[in-house]
Every structure is written in C-alpha cells, then in structure tokens.
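Chemist: One predicted model, sequence on top.
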Amino acid sequence: MTDSSGVQTESLFDVGSDVGSSMPPVYPHRAARGTAPKLRQWQQEALDLYIERRPRDFMAVATPGAGKTTFALRVAKLLVDSGEINRLTVVAPTEHLKHQWADAASRLGLAIDPNFKNADGRHGRQFLGVAVTYAQVANKPALHRNKTDAGRTLVILDEIHHAGDALSWGDGIREAFEPAARRLALTGTPFRSDTAPIPFVDYVEDADGVRRSKADYSYGYGPALQDKVVRPVVFMAYSGTMRWRTSDGEEMEAQLGEAATKDITQQAWRTALNPEGEWIPQVLAAAHQRLLKVRDRVEDAGGLVIATDHEHARAYAAQLDRLTGQKTTVVLSDDDEASERIEEFTADGSKYWMVAVRMVSEGVDVPRLCVGVYATSTSTPLFFAQAVGRFVRRRNASEVASVFLPSVPTLTDLANELEAERDHALEVPESAQTTDEEEGLDDELLEEAETEEKASDELARGSFAALDSNASFDRVLFDGDEFGLGGEVGSDEERDFLGIPGLLEPEQVSTLLRQHQAEQIRRRPQDAQDRAADVVDHRQLKKLRGELNKSVSAYAGKTGMHQGTIHNKLREACGGPQVGQATQAQLEERLKKLQNWFVGRK
C-alpha cells in the first residue's frame, strides 16, 4: 500500500487491520512498551494520532520541558523497525544540540552521527543517519538533498521556527528535504509568519489577519502543569530608581516599571541591567538567597542568569563569584569549550550558578535549574516563553521554579499570560501521580531578539550612558495573580517571599503568597480602612498611570518637550515622588494640572 506521495505504509500502519474487519488495529508500539521507557499521556496520544493519519508531514507543538524529543525519536524507532524508513536526519539549531540528539537516539538503538561535516559527503555505514544544523544544510542544500533522496528518509526538524531565521535557511531546508519520505517538525511555542512561510508548515489566518502555524498536535503549559510534567513558576519582579544620560546630554530619572513611553522604559531597563549599577548586584544577591533556600530541600538546585551579551555575562559572573565564594560557570557561544562547561555544570550539583547569553538558552537540557535571572533586554514573546522553559523541567512533583525579572510591563504581562495558561490546574489525575523516568533531552530554543529590536539597540550604544541604579522588591506574580506591596531590598517584606520552600504543591504556593501579603498589610502602620484601600486600589493606580502617560505623550507632541521633562515639571508643580510611587490623589492632581496646561492655564 502507498500514500499519495508513493511512500510505502502497510508495514507499520496495516498490521492487524484487515480491510473490512471490525477489530481495532494492533499497534506495534503498544506491544513494545517493555523495551522502551513508558510514554507520557500526551506523547502516546500524539503517537496514536501520527499512526492514524499516516502523514508525510506532521508538526507537534509541546511546551518546554514536556518531552518532544522522546516523542520524535519514538516515531523514528517505529518507522525504522517497520521498514518505513531506512535513513534518519535530525536538523537542530546548534552544534551542541546535535550531540544531545545523538545521545538520546542511541538510548533507543538509533545510531546517528553528530560529527558529520558537509565535506564528508557520506556518513559511515555504521550510522542510520546524521544530525546537522540549519546553517549546515543551508550551506550545501544540494548535498543534503542527494542524501535525502538516496534512501527512505525521515527528517526531524528540531524547533522548526529557526528555519525562518534567515531566508537562505528556509530555502535550503525546502530544497534539501522536499524528497523526504517523512518529515516531523517540532517546536516549543506556536509561531506566526508575517512574510515568508517556513517550509513544510501549514498556516491558518486568524481573526486579525495574522497567519499562524497550524500544529497537528499541541500540548500547552496548562495541561502539562496539570499532568505534573512541568513545574509551576513564581516570578519575582524588582523595580527601582534609574538614572541615565540621553544622547542630547539630558539626565533622566525614572522608576523601573512606571507608566512611561517605550523609549523611557527601554532606557530605564537598560540602566537596570548595567553591571556597574546597583540593580543587578542587588537582584543577584536576592536570587542567590532564594537559591540557597531552595537547596535546603533540593540539594543540587542550580541557577541560570540569561545575559544580553558577552560583556554583561562576564561582569555578572564576576559579581556572582564574589557573592558565592565559588567560580561561576560562564558559557559563551564563541567558546570552544562551551559544551564541556555545560556538561560539567549539569553533572556537578555543588555548583551554584551558570551565566550564559545563548548557548544554554538555546535548547540545552539542565534539569537541576530551579532559579533564573532574566537579565536581558530581549522581550519577544517567543524568547520569553523559551527562556522560562529553561526552568520548568520537572524532576520532583513538588519542585517550584523561581524567575527574577525587571518590573517592566512587557515582561510582567508576558509572565501573567504564561501563568494564565495554568487555568488553575490543581487537580492531578491519579494516572499522572507516578511519573516515568527522565527521557532525555528536550530541545527548546531562545529566539534572538527581533531584527528591529537589535537595530535599535545598536543605535542606542554610544549615545546612551547609564549613571546609577538601585533595586527594590516590587511584587510576585503567580497563577495569573500578583502578591506583595513592595519593599526595600533586605526588608522583611522581601524575605517573606524569598523564603518560600522549594518543594510545594501549586495550591500551597498560592496559600503562602496570600499569607505573606496579609502579613505585609498587617505590619503597615495604617488603619484597616487604609490597608484595604492599598490592596484594592492598585488597579485604579495602574489605570491613572496609563492616563497620565497618554496625556504626557500628547502634550509632548503639542509642545515638542521631552516626555521625561514634562513628568519632572509636573512633580515640581504638584510635589510628590516618581509616578511609580505616587498616590491616587497625587496622580489625579497631576492629570488636572496637565489639563490646565493644555488650555494655557498655569
């Protein structure tokens, strides 16, 4: 039997399924379970769907940490055992991932060569196939097309959205793997195509006219958390006062996270990440305090700082060296020993911290990572989701992940959106209480910043100077809700939240966060009515900050004044602190004053 592409299918899909029989097919993968690790429920469902559809192309979207690699290699094993394919090609984004794929495949008896080079022409007969990078394929697509066409080839496209990183990559993938017998695409995050579609991916247009990839099987963060496949994430947001000098020589001051223009927000954010300021050292100290608390119960828990560039990464590592008294692992993309450093950190549970720019972020599996610091200015949703994916891989059912981040609206909104996927998934089915063994790598990637962001950042370098910064504890985000009323670094308010045990069920985390918030309210020297107002009015404060920001922007457009200057003049006229600390009455007074300025009144 053949499908529409002429590929043989009967040896796998028609076993035990005679035409006209009312008996269900007997799938080989169910009988062979004793020879391989038990599949998770979603992996089994996706595998059943694959067998039912008999597809040439199949795309699986599964949340970081869910086990996409195990699913893909099980598909490959079935197709090899049935004779459907006799050649396997894995395409990965990085050199390091090629070796992880080869290791994972070998555990299922599939030998693929991660050291294959284009100059080799052919792989050795002892291998079923090869693991290559997208860049490697794009460099010589005709070579890889010939290899694909020389056998019944299954191509696994790991994090296929990387095929859209460059036009040549997409073109190369299309040319090289068009003749493949089977193609299996994997990604950790749904993605969209605004211009050039990624090869072998189906797209559908949504209500907004945006074309988004259409998966054959999807497994999101909410279901994965409910199944106890991934960890819950607690986000620790830190604010603070930032000062910097603009390209015009004007000195600016802003509260990180306050309602402001995009430029002011980005400049305040960049100031916070400057290793010469106080924000980063204070946040790193808080994150290390959190890591030590987690290690009370999780002895080998480790931390990862995701930096913007190599210079920042080295500076952060030096600060951690002084803080922890041990040498911090630094992983940079231009380091020939990067893979060895990652493997050493993964195996050595005594090591506290690793700092990286992209090498670890792009798919490297380090299950002991429990605490993260998001110290990068990249803010694309895909990047953020994949960054958080570094910390959600589950080992123990009660492990909790903690991610420290700047308190800027872009990131806190993304954090709330991620947590909203949980949908209060607290009831765990009995079948998910006992879990299977660790099944090898899972290969999520951190997307580089969008081109326009990188261009803007480059233009800003040399015309922007961070002056000083300090950090303050802002709030905790968990389960789509916010906890805490702020506090100084080192305060009881901060310590309450940093001291949450590292092993808790999600509902226990929520309970403790609410208790700590109630304790904060109790400690404040205000009467009960004022305390209640503090809790209730935060939404109104956010609304007023937004209205003030829009009005300031409009006034800037009318007068040509810098928006930061307008905010400073409003403070001079009305008194009070920065917008982020202003009360409801102070914000309302500033709005009224600005309205008077619009009509020419003082």
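Modeler: That came through, no problem. Residues are numbered from 1 along each chain as shown.
Chemist: For the one helix or strand residue 284 maps to, which outside residues touch it?
Modeler: Element membership of residue 284, judged by DSSP states H and E, is helix 279-295. Residues from elsewhere that reach helix 279-295 (CB atoms under 8 Å, 6 or more residues apart in numbering): 236, 238, 240, 242, 256, 271-274, 301-303, 305, 316, 319-320, 323-324, 352-353, 370-373, 375, 400, 402, 404, 469-471, 473, 489, 494, 498-502. The way it works is simple: take the backbone N, C-alpha and C, and place the C-beta from them, glycine included.
Chemist: Which ones among those map onto strands?
Modeler: Counting by DSSP state E, these place 236, 238, 242, 302-303, 305, 353, 370-373, 375, 402, 404, 469, 473 in strands.
Chemist: which residues touch residue 45?
Modeler: Contacts for residue 45 (CB under 8 Å, 6+ apart) come out as residue 217.
Chemist: May I ask which helix or strand encompasses it?
Modeler: With DSSP H and E as the test, residue 45 turns up in helix 41-53.
Chemist: Which of the contacts of helix 279-295 are buried, as a PyMOL select command?
Modeler: In PyMOL, this line selects whichever of the contacts of helix 279-295 come out buried by 16 or more other CB atoms under 10 Å:
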select buried, resi 236+238+240+242+256+271+272+273+274+301+302+303+305+316+319+320+323+324+352+353+370+371+372+373+375+400+402+404+469+470+471+473+489+494+498+500+502
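Chemist: quick one, longest helix in this structure?
Modeler: Longest helix of the chain, by residue count under DSSP state H: helix 538-559.
Chemist: Give the rounded mean pLDDT of it.
Modeler: Average pLDDT, helix 538-559: 78.
Chemist: List the buried residues in that helix.
Modeler: Residues of helix 538-559 classed as buried: 541, 544, 545, 548, 549, 551, 552, 555, 556 (neighbour count, 16+ other CB under 10 Å).
Chemist: Ok, stretch 340-348 next?
Modeler: Using 16+ other CB under 10 Å as the test for burial, stretch 340-348 gives 341, 342, 345, 346.
Chemist: Farthest pair within those?
Modeler: Distance extremes for those: the farthest pair is 341 and 346 at 9.6 Å, using CB to CB.
Chemist: isn't residue 237 right up against residue 412?
Modeler: Yes. Using CB atoms under 8 Å, residue 237 and residue 412 qualify as a contacting pair, with a distance of 5.8 Å.
Chemist: List the residues that are in contact with both of these two.
Modeler: What both residue 237 and residue 412 touch, as defined by CB under 8 Å, 6+ apart, is the set 257, 405, 477.
Chemist: So which of those residues sits lowest on pLDDT?
Modeler: Among the shared contacts of residue 237 and residue 412, residue 257 has the weakest pLDDT, 79.
Chemist: Spatially nearest residue to it, not counting backbone neighbours?
Modeler: Once flanking residues are discounted, residue 257 sits nearest to residue 407: 3.8 Å by CB to CB, 6 or more residues apart in numbering.
Chemist: count of neighbours near the one you found?
Modeler: 26 (other CB atoms under 10 Å).
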